[in-house]
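[1] predicted coordinates and the sequence they were generated for:
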Amino acid sequence: MNKIKTLIVDDERNNSDYLRLLLQENCSCIDLIGISDHPLKAIELIKQMQPQLVFLDIEMPSMTGFDVLQELEPIHFEVVFVTAHNHYALHAFDVHAIGYLTKPVEKAKLVQTVLNAKERIEQKSIQQHLFSLLQQQEISGKSPIKLALPTQNGLQFIKHEDILHCDSNGNYTWFYLKDDTKILVSRQLGEYEKLLPPDQFVRIHDKHIINLSSLSAYLRGSGGEVRLENGRQLPVSAKRKEDLLQRFERWVKRG
């Protein structure tokens, strides 16, 4: 693969200079495209330069590294936290950081962390290629028989009939499956609305798409509500009510 576009964010210049030297001397796959010493500047730099990997300090003036990530959600780059403190480690992995390095950074740990990031980035590249192929199938009128959902461990392939419903969570989407599992993916609900077959799935609300085969009841109201096989009740927006009922009627007639 090409070199990894990398940024360092640390308010102490001596720390970022030391890390820069370690990367230059030991990690030939790294392309260091920038260094920032302030979290607000770092946010703009990340938006502008679209790095694949960010080494991020945690305790900085005005904002923490966690605050920086919150401003940038959804996160499309790998994160390595670099800090003088151990007590943030659990929180770091809660936000799916690929690594957690304590200062002063040890060369061996840095090299292994970069290798882990390289592997994850290569995996994401494959996932993005596959997602693009699925989009091309949708454009050509051929809905794929399975959906590929990118997870932290790779790709999970889901049959359409195994999906009960999908819920929007901002820039993320929850998939609820018939086996009571749920999967969170870092793409918006609208992207999956285009990939799911329209004769089987219908968007009933800005936040919800349902599989018509999972519908067990419709409860009247302004927009009303639907009850699904897993017992969940979801609201139907008034503007989508008529479309839902018409699509369900066509689905029943098809058998």
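    Yes, it's here.

[2] so where's the stretch 151-255 of the chain shaky on pLDDT?
    152-154, 255 (pLDDT under 70).

[3] and the gap between the spatially most central residue of the chain and N169?
    Nearest to the mean C-alpha position of the chain, by Cα atoms, centre = their mean, lies S186 at 1.9 Å. Distance, S186 to N169, using Cβ to Cβ, to the nearest Å: 10 Å. Every C-beta, even on glycine, is put in place using the N, C-alpha and C of the backbone.

[4] again, but for E106
    Taking Cβ to Cβ, one finds E106 at 37 Å from N169.

[5] among those two, which residue is more densely surrounded?
    Higher neighbour count among E106 and N169: N169, with 15 against 12, using other Cβ atoms under 10 Å.

[6] so the closest residue to that one other than its chain neighbours, which state does it fall into?
    In space, not counting the residues next to it along the chain, N169 is nearest to L184; the distance is 7.2 Å by Cβ to Cβ, 6 or more residues apart in numbering. Following DSSP: H, G, I helix; E, B strand; the rest coil, we place L184 in the strand state.

[7] ok, which stretches of the stretch 1-150 of the chain are strands?
    Remark: strands assigned in the stretch 1-150 of the chain by DSSP state E, counting those that start in this stretch are 4-9, 30-36, 53-56, 78-83, 99-102, 146-151.

[8] let me see the domain layout of this protein.
    As given by automatic domain parsing, the domain ranges for the chain are 4-127, 143-254.

[9] what's in contact with stretch 223-232?
    164-165, 176, 178, 180, 204-205, 210, 214-219, 233-241, 244 (Cβ atoms under 8 Å, 6 or more residues apart in numbering).

[10] what do you get for stretch 97-104?
    With Cβ under 8 Å, 6+ apart as the criterion, stretch 97-104 contacts 15, 18, 55, 78-86, 88-89, 92-93, 109-110, 113, 116-117, 120.

[11] just to check, G170 is in contact with S186?
    No: if you go by Cβ atoms under 8 Å, G170 and S186 don't touch, sitting 10.1 Å apart.

[12] now do the shared contacts for those two.
    Common neighbours of G170 and S186 (Cβ under 8 Å, 6+ apart) are P74.

[13] of the contacts of stretch 223-232, buried ones?
    164-165, 176, 204-205, 210, 214-215, 218, 234-237, 240-241, 244 (16 or more other Cβ atoms under 10 Å).

[14] ok, which pair from those is furthest apart?
    Y176 and K241 (21.7 Å; Cβ to Cβ).

[15] ranges for the helices of the chain?
    13-26, 39-49, 65-72, 89-94, 107-139, 189-195, 238-254 (DSSP state H).

[16] tell me the most buried of these?
    Across the helices of the chain, the average number of neighbours (mean count of other Cβ atoms under 10 Å) peaks for helix 65-72, which reaches a mean of 18.

[17] what's near enough to touch Y176?
    Applying Cβ under 8 Å, 6+ apart, the residues near Y176 are I163, L164, H165, C166, D167, K182, N230, R232.

[18] report the beta-bridge partners for the fifth one.
    Read it as D167. D167 has these beta-bridge partners by DSSP bridges: W174, H208.

[19] pretty sure it is touching L189, no?
    Yes: here D167 reaches L189: they are 7.5 Å apart, a contact under Cβ under 8 Å.

[20] if I look at these two, which residues touch both of them?
    Common neighbours of D167 and L189 (criterion: Cβ under 8 Å, 6+ apart): T173, K207.

[21] bridged to L7, which residues?
    Beta-bridge partners, per DSSP bridges, of L7: G34, V54.

[22] ok, it to G223 distance?
    For L7 relative to G223 (Cβ to Cβ), the value is 45 Å.

[23] more neighbours: those two, which one.
    Between L7 and G223, counted using other Cβ under 10 Å, the more crowded position is L7 (22 against 17).

[24] about what we covered before: nearest to L196, out of the strands of the stretch 1-150 of the chain?
    Judging these by Cβ to Cβ, what sits closest to L196 is strand 146-151, at 7.2 Å.

[25] okay then, goodbye and thanks.
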